[in-house]
Structure formats: C-alpha cells, structure tokens
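Student: Using only what follows, build the 3D model:
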Amino acid sequence: MATVYTAFSKALAEWGAEVGLTKHIYKLGVADRPAAAAVEALNASQHAGASDWKLLAKRELDGADEAGLIERLARKEKLIDPAFYPRIQGAPGVFKVKLANVENHLLVKIALEGKDTARVKVKPADVGAYLIRNAAGETTESE
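Tutor: Below is the predicted model of the structure:
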C-alpha cells in the first residue's frame, strides 16, 4: 500500500512570494515507505531547492500512482511547471494553492456536518488534507 503525503517548505514559500507565485506552495507525493521517511528524503536531496520540508498530512491509498494523482489534482489546483523555474527543476508535484478553494471546501464540509461555519480558519494541515482528498478524487456531496 502506498502512502500519499503533502509537505510544506517555508524556504520554498518565501521564494514563491519573492518571484510572484504565492507563498502557498505545497508538495504532493507518493511513497512506498512511511511519509516521515519520504519527507526526510526530500530534505536530504534538497527537493525543489529546499531542505526544510515538513509533513502536513498523509494517507494510505491502494494502488496510488504519483503521476495520476498529480494529474488529477492539477485539474483543481495550479501545478507549478518544474521546467519553467530553475530552482524547482526536476521537482514534480509542487502546487500553487488558492486558500479560497480550501476555505470553500472546509465550509461545505462543516455545513454538511451541521456545525457552525462562522469560525473557519484554514490551517496548513487542512490544506494538506484538501490536496490529498482532491488528488484521490474524493469530493463532498455538493462539490
């Protein structure tokens, strides 16, 4: 069983803000080992020019294919082309995320649960779970 994970790098986020992308840049990946070990490997190889990756969310999925998951998520969120930016060359699965999309997803999810939607604040773990959920092709009832 493969582990799908999302990771965040503060250094990459700062770079993204400097070059005009956004500071909301996240990595989606698939590993055949524990997600924590995969993030350690990202740090060791300085994936996308960063060595401060942190694990946000993970989930076990049967038959998870990284290319397929990235392609599916790219329909919903902006995939950053690793050939266009020299800093992230050869770094697949790096996404520019609109927090409004994550917030809308959380609002719908909370409303369907019958809870109060007045206090929705997007946290990094929420973004990670949102990315994995969309990559897996899961949606809430109203999406």
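Student: Check the chain for its longest helix and report it.
Tutor: Ranked by residue count under DSSP state H, the longest helix found in the chain is helix 99-112.
Student: Does Glu60 touch Thr3 like I think?
Tutor: Yes: applying C-beta atoms under 8 Å, one finds Glu60 in contact with Thr3, separated by 5.8 Å. (C-beta placed from N, C-alpha, C; glycine too.)
Student: could you pull out the strands for the protein?
Tutor: 2-9, 25-31, 53-61, 78-79, 94-96 (DSSP state E).
Student: what angle do the second one and strand 53-61 make?
Tutor: Inter-element angle recorded for strand 25-31 and strand 53-61: 50 degrees (by axes from the mean of the first three to the mean of the last three C-alpha atoms, to 10 degrees).
Student: picking that back up, neighbour-wise, which of Glu60 and Thr3 wins?
Tutor: Per other C-beta atoms under 10 Å, whichever of Glu60 and Thr3 has more neighbours is Thr3, with 19 against 10.
Student: For that one, list each beta-bridge partner.
Tutor: Ala31, Glu60 (DSSP bridges).
Student: contacting residues for it?
Tutor: Contact partners of Thr3, counting by C-beta atoms under 8 Å, 6 or more residues apart in numbering, are Val30, Ala31, Asp32, Arg33, Pro34, Ala35, Ala38, Lys58, Arg59, Glu60, Leu61, Ala64.
Student: so how far is Gly114 from the residue lying closest to the fourth one once chain neighbours are set aside?
Tutor: Taking C-beta to C-beta, 6 or more residues apart in numbering, and ignoring the residues beside it in sequence, Arg33 has Thr3 as its nearest neighbour in space, at 7.2 Å. Thr3 sits 32 Å away from Gly114 when distances are taken as C-beta to C-beta, to the nearest Å.
Student: same thing with Phe8?
Tutor: Counting by C-beta to C-beta, the gap from Phe8 to Gly114 is 31 Å.
Student: Grab the CA positions of the worst-scoring helix or strand of the chain on mean pLDDT and hand them over as PDB.
Tutor: Taking mean pLDDT, DSSP states H and E as the measure, the chain has helix 99-112 as its least confident helix or strand, at a mean of 90. Output of helix 99-112 as PDB, limited to C-alpha atoms (Å, rounded to 0.1, in the frame of the first residue of the first chain):
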ATOM      1  CA  LEU A  99      -6.600  29.300   0.000                       C
ATOM      2  CA  ALA A 100     -10.100  30.400  -1.100                       C
ATOM      3  CA  ASN A 101     -10.600  26.900  -2.600                       C
ATOM      4  CA  VAL A 102      -9.500  25.200   0.700                       C
ATOM      5  CA  GLU A 103     -11.800  27.500   2.700                       C
ATOM      6  CA  ASN A 104     -14.800  26.800   0.500                       C
ATOM      7  CA  HIS A 105     -14.100  23.100   0.800                       C
ATOM      8  CA  LEU A 106     -14.000  23.400   4.600                       C
ATOM      9  CA  LEU A 107     -17.200  25.500   4.700                       C
ATOM     10  CA  VAL A 108     -19.100  22.900   2.700                       C
ATOM     11  CA  LYS A 109     -17.700  20.000   4.800                       C
ATOM     12  CA  ILE A 110     -18.600  21.700   8.100                       C
ATOM     13  CA  ALA A 111     -22.000  22.800   6.800                       C
ATOM     14  CA  LEU A 112     -22.800  19.200   5.800                       C
END
